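A.B. asks: Next one to model:
(chains A and B)
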2 protein chains.
Amino acid sequence: MPSTSSAPGKVYLFGEHAVVYGEPAIPCAIERRARVTVTERDDDRLRVSASDLTLDGFTVEYGGVDRRPDVDVPTPLIEAAMGYVDAALAEARDAADRPSAGFDVEIESDIPLGAGLGSSAAVAVAGIDAATRELGCDLDPGEVAERAYAVERTVQDGQASRADTFCSAMGGAVRVEGADCETIDAPALPFVVGYDGASHDTGELVAGVRALREEYSFASDTVAAIGDLVRRGEAALADEDVAELGRLMDFDHGLLCALGVSARSLDEMVWAAREAGALGAKLTGAGGGGCIVALDPDDGTETALSLTPACAETFRAELAREGVRVE
Amino acid sequence: MPSTSSAPGKVYLFGEHAVVYGEPAIPCAIERRARVTVTERDDDRLRVSASDLTLDGFTVEYGGVDRRPDVDVPTPLIEAAMGYVDAALAEARDAADRPSAGFDVEIESDIPLGAGLGSSAAVAVAGIDAATRELGCDLDPGEVAERAYAVERTVQDGQASRADTFCSAMGGAVRVEGADCETIDAPALPFVVGYDGASHDTGELVAGVRALREEYSFASDTVAAIGDLVRRGEAALADEDVAELGRLMDFDHGLLCALGVSARSLDEMVWAAREAGALGAKLTGAGGGGCIVALDPDDGTETALSLTPACAETFRAELAREGVRVE
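C.D. replies: Predicted structure coming up:
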């Protein structure tokens, strides 16, 4: 019998980039999910079919009983998408001590891929959860998070954030500082996401901030200022002061601009959101292109973003209280 | 015989807003000038005619032998424009010890008014210089700067920056810190200005930064970071490293964004300049609307800005080596 699990994507409410230097950050799970269905096979083979899995503007379709990957889809993209699934299933086999189990796997995701919304972490989390259950082995979300982190480390050559997989597995608002992750109390957060349709090179953006920080004391101070801002953000979350969270998001975005990780499209979306009445708006994730997140309980921001040329896609994505779950 | 003097406007290369809190800043005189022609009259009357003096979108025409101010022009605007001229002439009468001298005055300016480019300081500086010479009294530029500062203080109810009038009178790049102003060495600076056609409320913007600074330690640190950036900028000026100046301008702009003083139009112009190949770009002055300044030795930025909807006017304005001068 097939087992299906889903896990949410995430946005960074505060603290991306500064988190690399030991400052705290607050990623939040959002109600956009990857769903993975796993069915154990009689043999040790693996078949994966993925629909609606858009990566860098390509739709990757592969697997299925009689189909080979479409030759028009570049092999590296298939390999990248396959990497997470392969590694997640390997973790499940290891957890269940069933080294030669075979699976049919189906993946669906409504999290744009490569947009910095944690789609790969969500696929890894949901995949491990579904496959372990299919093998009769129940992991708690913390164990799923740990194994999903191992998946990301493997696939991304050691460059992974523990926060992404923790946030996807546990749900809610997460405080991350170094290797420590914990869920923290948060009010309802009316997130609206704007996506410019572009991808970015996270490594290059992180390296750019590192270079600035090494060159200029004031860049190092800017990173530290983000850390202080995050601590104020924690207090605002505890106070359920959503207007204050918005003000802090605006400030955080400016500091990220100073660190050179914004983009014309991101600034355009941020201004569209603010002028439409958002309580605050900022880029989320590595920057350079990708997504912004705004706080707006009303329709204004979504409407304004849908009319903004720089915005390829916009959607509401409330804070997800639940992390990985059985579907 | 009429005496004509001109004086340049200015842009802030670095440090606006932070200068209010004792950090250094570097305004630079630009090759856009106000020209004031003064002719002593036989009586003690005053006639002022101003052409091309655009204030908040109005053209203010007043004075002339037989003309009264156009009744369609709001009186406060006329009073504002007249205020600087009246006070400048009063300073000239005082300097020459000719308390009842009368003048015909003609003002021309190619510095947009109310755009944060120091048009009022330039009018005060050129007016004092022309009127004192007309009365046979030669002031050195430092004395002109001091008296022009008094004019701005009077007209602006005590809220004036000593840097604006000093920069206009002395020319070149100026280092200001508290009440200390000095000209500093600088290479040729290929400034390009973009103006969104809007004015702003400087007092409100300064108050906004003050409120952030009082509320958040990280806002105070952001102001301090601007100060450190300015000190790096001084070194880059001394090294004639124009590329480095551009990088620092970009960073400064981000910190000003964090402090809430940018605007959608300013960010649009800044991105247009950067993508057109500018070495760097930032808002100049109080922000909230008004002007950006970019560094670009080539035509790219001016062309790109002329095609940017948010930009009402763009022009090249090289660093002006000369301050106030006889025309």
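
A.B. asks: what helix or strand is residue A:228 on?
C.D. replies: According to DSSP states H and E, residue A:228 maps onto helix A:217-238.

A.B. asks: In that helix, which residues are buried?
C.D. replies: Along helix A:217-238, these residues count as buried under the neighbour rule (16 or more other C-beta atoms under 10 Å in any protein chain shown): A:218-234, A:236-237. (C-beta placed from N, C-alpha, C; glycine too.)

A.B. asks: again, but for stretch A:281-295
C.D. replies: So, applying 16+ other C-beta under 10 Å, buried residues of stretch A:281-295: A:281-295.

A.B. asks: Now, those that are in strands?
C.D. replies: A:281-284, A:291-295 (DSSP state E).

A.B. asks: Let me know the closest of the residues you listed to chain B.
C.D. replies: residue A:282 (10.6 Å; C-beta to the nearest C-beta).

A.B. asks: isn't that closest one right up against residue A:246?
C.D. replies: No. In this structure, residue A:282 is not within contact of residue A:246 by C-beta atoms under 8 Å, at 9.5 Å.

A.B. asks: Show me which residues of the stretch 1-150 of chain A sit near chain B.
C.D. replies: Residues of the stretch 1-150 of chain A that fall close to chain B, judged by C-beta under 8 Å from any C-beta of the partner chain: none.

A.B. asks: I'd like the next helix or strand past the longest strand along chain A.
C.D. replies: Looking across chain A with DSSP E, the single longest strand is strand A:26-40. Beyond strand A:26-40 on the C-terminal side, the first helix or strand identified by DSSP H and E is strand A:46-51.

A.B. asks: Note down every partner strand of that next one and its orientation.
C.D. replies: strand A:103-109 (parallel) (DSSP bridges).

A.B. asks: which other residues reach the partner strand?
C.D. replies: For strand A:103-109, the external contacting residues (C-beta atoms under 8 Å, 6 or more residues apart in numbering or on different chains) are A:33-41, A:46-53, A:63, A:85, A:89, A:119, A:122-123, A:127, A:131, A:134.

A.B. asks: Which ones among the buried residues of helix A:217-238 also lie next to chain B?
C.D. replies: Okay, of the buried residues of helix A:217-238 touching chain B (C-beta under 8 Å from any C-beta), that's A:218-219, A:221-222, A:224-226, A:228-229, A:232.

A.B. asks: Format these as a markdown table; extra columns: distance to residue B:93 and pLDDT.
C.D. replies: Shown next, in a markdown table, are these (distance: C-beta to C-beta, whole Å; pLDDT from 0 to 100):
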| residue | distance to residue B:93 | pLDDT |
| --- | --- | --- |
| A:218 | 47 | 98 |
| A:219 | 52 | 98 |
| A:221 | 50 | 98 |
| A:222 | 51 | 98 |
| A:224 | 54 | 98 |
| A:225 | 51 | 98 |
| A:226 | 55 | 98 |
| A:228 | 54 | 98 |
| A:229 | 54 | 98 |
| A:232 | 55 | 98 |
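
A.B. asks: Which single one of those residues is nearest to residue B:323?
C.D. replies: residue A:218 (30.3 Å; C-beta to C-beta).

A.B. asks: What number of residues are in the vicinity of the closest residue to residue A:254 other than its chain neighbours?
C.D. replies: Spatial nearest neighbour of residue A:254, excluding adjacent residues (C-beta to C-beta, 6 or more residues apart in numbering or on different chains): residue B:258 at 2.7 Å. Using other C-beta atoms under 10 Å in any protein chain shown, residue B:258 is surrounded by 29 other residues.

A.B. asks: what about the longest strand of chain A, average pLDDT?
C.D. replies: For strand A:26-40, the mean per-residue pLDDT is 96.

A.B. asks: likewise stretch A:130-145?
C.D. replies: 97.

A.B. asks: which stretches of the stretch 1-150 of chain A form helices?
C.D. replies: Counting by DSSP state H, counting those that start in this stretch, the stretch 1-150 of chain A has helices at residues A:75-95, A:119-134, A:141-155.

A.B. asks: can you tell me which of these the model trusts least?
C.D. replies: helix A:75-95 has the lowest average pLDDT among the helices of the stretch 1-150 of chain A, namely a mean of 81.

A.B. asks: Can you tell me the closest non-neighbouring residue to the residue of the stretch 51-200 of chain A found nearest chain B?
C.D. replies: Minimum separation of the stretch 51-200 of chain A from chain B (C-beta to the nearest C-beta) falls at residue A:196, amounting to 13.0 Å. Spatial nearest neighbour of residue A:196, chain neighbours left out: residue A:265 (3.9 Å); criterion: C-beta to C-beta, 6+ apart.

A.B. asks: Now render the ones in strands among the buried residues of stretch A:281-295 as a markdown table, adding distance to chain B and pLDDT.
C.D. replies: Shown next, in a markdown table, are those (distance: C-beta to the nearest C-beta, whole Å; pLDDT from 0 to 100):
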| residue | distance to chain B | pLDDT |
| --- | --- | --- |
| A:281 | 12 | 98 |
| A:282 | 11 | 98 |
| A:283 | 12 | 98 |
| A:284 | 16 | 97 |
| A:291 | 18 | 97 |
| A:292 | 13 | 98 |
| A:293 | 17 | 98 |
| A:294 | 14 | 98 |
| A:295 | 16 | 98 |
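
A.B. asks: and of those residues, the nearest to residue B:115?
C.D. replies: Among these, and counting by C-beta to C-beta, the member closest to residue B:115 is residue A:281, at 27.2 Å.

A.B. asks: So for the most centrally placed residue in chain A, what's the pLDDT?
C.D. replies: Central residue of chain A (C-alpha atoms, centre = their mean): residue A:118, 1.6 Å from the mean position. At residue A:118, the model reports a pLDDT of 91.

A.B. asks: That one reaches residue A:9, doesn't it?
C.D. replies: Yes. The criterion here is C-beta under 8 Å, and residue A:118 meets it with residue A:9 at 4.6 Å.

A.B. asks: who's in contact with residue A:292?
C.D. replies: Residue A:292 sits in contact with A:193-194, A:266, A:269-270, A:273, A:281-284, where contact means C-beta under 8 Å, 6+ apart.

A.B. asks: give me that answer again for 6 Å
C.D. replies: Residue A:292 sits next to A:194, A:266, A:269-270, A:281, A:283 when contact means C-beta atoms under 6 Å, 6 or more residues apart in numbering or on different chains.
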